[in-house]
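Engineer: Structure for this input, please:
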Amino acid sequence: MSQCVSEEVAAKAMEEIRSGPPSRHHGDTLPYIHKVGAPPKQDLLTEIKHAVEETFFPDNPLGHFKNQPRKRKFFLGLQTVFPIFEWARGYNLAKFKGDFVSGLTIASLCIPQDIAYAKLANLDPKYGLYTSFVAPLVHAFMGSSRDIAIGPVAVVSLLLGTLLTDEIPDYGSHDYLRLAFTATFFAGITQMALGLLRLGFLIDFLSHAAIVGFMGGAAIAIALQQLKGLLGIQHFTKKTDIVSVMGSVWTNVHHGWNWQTIVIGLALLAFLLAAKCMAKKNKKYFWVAAIAPLISVIVSTLFVYLTRADEEGVSIVRHIDKGVNPISAREIFFSGKYLGAGVRIGVVAGMIALTEAIAIGRTFAAMKDYQVDGNKEMLAMGTMNVIGSMTSCYVATGSFSRSAVNFMAGCQTAVSNIVMSMVVLLTVVLLTPLFKYTPNTVLASIIIAAVLGLVDVNAAVLLWKVDKFDFIACMGAFFGVIFKDVETGLLVAVIISFAKILLQVTRPRTAVLGRLPGTTVYRNILQYPKATHVSGMLIIRVDSAIYFSNCNYVKDRILRWVADENAEREEGIKYLVVEMSPVTDIDTNGIHALEDLYKSLQKREIQLALANPGPIVIEKLHASDLANKIGEDSIFLSVADAVATFAPKAEP
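Structural biologist: Residues are numbered from 1 along each chain as shown. Next comes the predicted model:
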């Protein structure tokens, strides 16, 4: 008998839950309402300490040093600065086989690319080779990424060449070379500072959409610049915008093009694109695309040497100095009129190089399911560029094309970069004279084939589908690069990224909530059309922290909701419930705005209630005494509790 009674009580309770609070009538007993708990107060120093830890040390980098003997702490510190000492302990011959093959493969790709990319920076080809010798060695010891391939890249080379030429138009002068080393030095200092000060979150301000647009625009600008080499034009504009470049191409059409150069260049470009297409369709043939640039260089060099096509107007590389990198520490400007330019160019180039490298490192780390330490990467990148600036190198970073080849070739660790570096060393010591008859048109073909992959049409289409504002940011950066220059494109990308942040902060979303039938769940009525209003009540959710930048907007928007709902509903609004679970924080301006809202509602004879304020919000409400003004009995743990309390009173 007692079991039947208990089952009947349980059934009634379940029915009560399903029917929801609005089914209650006057005189019904309300369920127990939980009150919002206030967290223990923290002093100012504790709050500052917590904020600093969460901003700069969210990964608790010193946690593994705790309770360790002094000797162990020394080795842990050594592994922190030089991760190679950590993973090298488990290194074996099987891993070396994979790294050796990968190193040889990316070396065959990087050597012709280095020569070509150096010309993008308006530097002699040897400096591209020097960069792929020193930088990968440093990164192999200090970097946390196993797959990233280090060296010069097209976008940074073009950016550096453009910015340097703006300062010193005569790129054949010694001061131009010195300024390149100076910019590289300060690029490294910028990257090291970001790593040491743990400011890596700053590069996240450049959104993915802006990067897609900037990279795509830079790829088009780079490809257009290669028309000089591809068509054999001698007198070509130094500007990078599409109007100037196409104008320069058109004005040389009758007397500046060289048909032998065009035939060689287009044939090699077709070969390179076919190799990339083959590798894309069948991943097993990735090595075809990897060695295609080197094959192109060898074949075209032999062809020019045997036919003496250089005497028919085919432009060639001519001479690359043999030998290991000369020391260039004394060439850096630490004073004088070019110091400021070197710092400015270095900061810009360093940030772009770092953004590209971190993105590449994280991409391949996700594929292999391991973590890349962003701060270690910044420190490694910075150190390699500082050392590089003192050993005749220019700005180096991670290359996506080479990293992809490195990944597909089966690399296991950063030893693949060391193998690549040794191959480049042998090249600069023994083989550079063999590049004398290499035609510049093959270098142009290699660059065009490489940068076309940076134009990510699918990503742009996805941006359009997902977020129109992101698409605008992408297109703004893209058109800024191709119609003006890389600095403008970069500036547009940064401005639009910040504009999006400001728009989201100053104009947060608000939503009117309704009750889902048969539940005590309250959701956005636009997302759930079947959700119903509670008679005499308006429930609004604020989807953002409330700060000085948006508090007046939030207050005015809520009052507009109240006015609109009052006009539409016959019974009118007697209670306003503000769902505050998404409100992570509130400042003094936000408190004043809530107080003004409370006063405005009082004049309209509408009672204000707050639902589920977070610990920081409720603490500040108590500290400002606003909680007492609103009334402790008007602050609820959930919307359902507020409705259960006020709905019966609001019924007409």
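
Engineer: Tell me where the model's unsure across the protein.
Structural biologist: Scanning the chain for pLDDT under 70 picks out the ranges 1-34, 37-44, 47, 50-65, 200-201, 204-205, 648-652.

Engineer: What segments of it are strands?
Structural biologist: 149-151, 397-399, 510-515, 522-524, 537-542, 575-579, 607-611, 635-636 (DSSP state E).

Engineer: Residues touching the second one, excluding its own?
Structural biologist: Contacts to strand 397-399, defined as Cβ atoms under 8 Å, 6 or more residues apart in numbering, come from residues 110, 113, 145, 148-153, 156, 353-354, 356-357, 360-361, 381. All C-beta atoms are positioned from the backbone trio N, CA, C, and that covers glycine.

Engineer: Out of those residues, name the ones that lie in helices.
Structural biologist: Among the contacts of strand 397-399, the members falling in helices (DSSP state H) are 110, 113, 156, 353-354, 356-357, 360-361, 381.

Engineer: returning to what we had before: need the strands of the chain in TSV (columns: mean neighbour count and distance to Ile327).
Structural biologist: Formatted as TSV, those follow (neighbours: other Cβ atoms under 10 Å; distance: least, Cβ to Cβ, whole Å):
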stretch	mean neighbour count	distance to Ile327
strand 149-151	32	20
strand 397-399	28	23
strand 510-515	21	62
strand 522-524	19	65
strand 537-542	24	61
strand 575-579	24	65
strand 607-611	23	67
strand 635-636	24	69
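
Engineer: can you put the ones you listed in a markdown table and add distance to Arg70?
Structural biologist: Converted to a markdown table, the strands of the chain look like this (distance: least, Cβ to Cβ, whole Å):
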| stretch | distance to Arg70 |
| --- | --- |
| strand 149-151 | 34 |
| strand 397-399 | 36 |
| strand 510-515 | 57 |
| strand 522-524 | 57 |
| strand 537-542 | 52 |
| strand 575-579 | 54 |
| strand 607-611 | 53 |
| strand 635-636 | 53 |
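
Engineer: Could you point out which of those strands sits nearest Arg557?
Structural biologist: Nearest of those to Arg557, taken as Cβ to Cβ: strand 510-515 at 5.2 Å.

Engineer: so what's Tyr575 up against?
Structural biologist: 536-538, 606-607, 609, 642, 646, 649-650.

Engineer: let me fix that: Lys368
Structural biologist: Taking Cβ under 8 Å, 6+ apart, we find Lys368 in contact with 146-147.

Engineer: same deal with Gln226?
Structural biologist: 444-445, 447-448.

Engineer: again, but for Asp485
Structural biologist: Asp485 sits next to 162, 221, 239-241 when contact means Cβ under 8 Å, 6+ apart.

Engineer: Can you tell me which of these is closest to Val457?
Structural biologist: Using Cβ to Cβ, the contacts of Asp485 come closest to Val457 at Ala221, 16.7 Å.

Engineer: To what extent is the closest one buried, counted in neighbours?
Structural biologist: Ala221 has 27 neighbours, counted by other Cβ atoms under 10 Å.

Engineer: okay but it is in contact with Gly480, surely?
Structural biologist: No. The criterion here is Cβ atoms under 8 Å, and Ala221 misses it with Gly480 at 10.5 Å.

Engineer: Now for these two: what residues contact both?
Structural biologist: Residues touching both Ala221 and Gly480 (Cβ under 8 Å, 6+ apart): none.

Engineer: just to revisit the earlier point, as a markdown table, the ones in helices among the contacts of strand 397-399 with neighbour count and distance to Gly342 would be great.
Structural biologist: Listed next are the ones in helices among the contacts of strand 397-399 as a markdown table, based on neighbours: other Cβ atoms under 10 Å; distance: Cβ to Cβ, whole Å:
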| residue | neighbour count | distance to Gly342 |
| --- | --- | --- |
| Cys110 | 32 | 26 |
| Gln113 | 26 | 26 |
| Val156 | 27 | 16 |
| Ala353 | 27 | 15 |
| Leu354 | 26 | 18 |
| Glu356 | 20 | 21 |
| Ala357 | 31 | 21 |
| Ile360 | 25 | 26 |
| Gly361 | 24 | 27 |
| Met381 | 34 | 18 |
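
Engineer: Same list, those residues, but as JSON lines with distance to Lys73 please.
Structural biologist: Below are these laid out as JSON lines (distance: Cβ to Cβ, whole Å):
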{"residue": "Cys110", "distance to Lys73": "38"}
{"residue": "Gln113", "distance to Lys73": "42"}
{"residue": "Val156", "distance to Lys73": "37"}
{"residue": "Ala353", "distance to Lys73": "33"}
{"residue": "Leu354", "distance to Lys73": "29"}
{"residue": "Glu356", "distance to Lys73": "34"}
{"residue": "Ala357", "distance to Lys73": "29"}
{"residue": "Ile360", "distance to Lys73": "32"}
{"residue": "Gly361", "distance to Lys73": "27"}
{"residue": "Met381", "distance to Lys73": "26"}
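
Engineer: Looking at these, which one is closest to Ala409?
Structural biologist: Cys110 (12.7 Å).

Engineer: Report the contact partners of that closest one.
Structural biologist: So Cys110 contacts 132, 149, 151, 399, 402, 420, 424 (Cβ under 8 Å, 6+ apart).

Engineer: hmm, back to that, including distance to Glu311, could the contacts of Asp485 go into TSV?
Structural biologist: Listed next are the contacts of Asp485 as TSV, based on distance: Cβ to Cβ, whole Å:
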residue	distance to Glu311
Thr162	33
Ala221	32
Lys239	31
Thr240	31
Asp241	35
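
Engineer: Show the buried residues in those residues.
Structural biologist: 162, 221, 239-241 (16 or more other Cβ atoms under 10 Å).

Engineer: which ones among those are found in helices?
Structural biologist: 162, 221.

Engineer: nearest to Val466, of the buried ones among the contacts of Asp485?
Structural biologist: Ala221 (26.4 Å).

Engineer: Relative to Val451, how far out is the closest one?
Structural biologist: Here Ala221 is placed at a distance of 9 Å from Val451 (Cβ to Cβ, to the nearest Å).

Engineer: just Asn440 next, same as before
Structural biologist: 16 Å.

Engineer: Please compare these two by neighbour count and tell me which comes out ahead.
Structural biologist: Using other Cβ under 10 Å as the criterion, Asn440 and Val451 rank with Val451 on top: 25 against 22.

Engineer: residues contacting the more buried one?
Structural biologist: 154-155, 218-219, 222-223.

Engineer: quick one: which two of those residues are the most distant?
Structural biologist: Using Cβ to Cβ, these reach their maximum pairwise distance at Val155 and Ala223, which is 11.9 Å.

Engineer: more crowded one of the two?
Structural biologist: Neighbours were counted for Val155 and for Ala223 using other Cβ under 10 Å; Val155 has more, 26 against 21.

Engineer: Skipping its backbone neighbours, what lies nearest that one in space?
Structural biologist: Closest residue to Val155 apart from its sequence neighbours, by Cβ to Cβ, 6 or more residues apart in numbering: Ala218 at 4.6 Å.

Engineer: you'd agree that neighbour is up against Leu159?
Structural biologist: Yes. At 7.5 Å, Ala218 counts as touching Leu159 under the criterion of Cβ under 8 Å.

Engineer: Give me the common contacts of those two.
Structural biologist: Val486.

Engineer: about what we covered before: ok, which pair from the contacts of Gln226 is furthest apart?
Structural biologist: Farthest pair in these, by Cβ to Cβ: Ser445 and Ile447, 7.4 Å.

Engineer: Compare those two (neighbour count), which wins?
Structural biologist: When neighbours are counted by other Cβ under 10 Å, Ser445 comes out ahead of the other of Ser445 and Ile447, with 30 against 27.

Engineer: which stretches of the stretch 1-150 of the chain form helices?
Structural biologist: 2-19, 44-56, 70-81, 84-87, 93-120, 125-142 (DSSP state H, counting those that start in this stretch).
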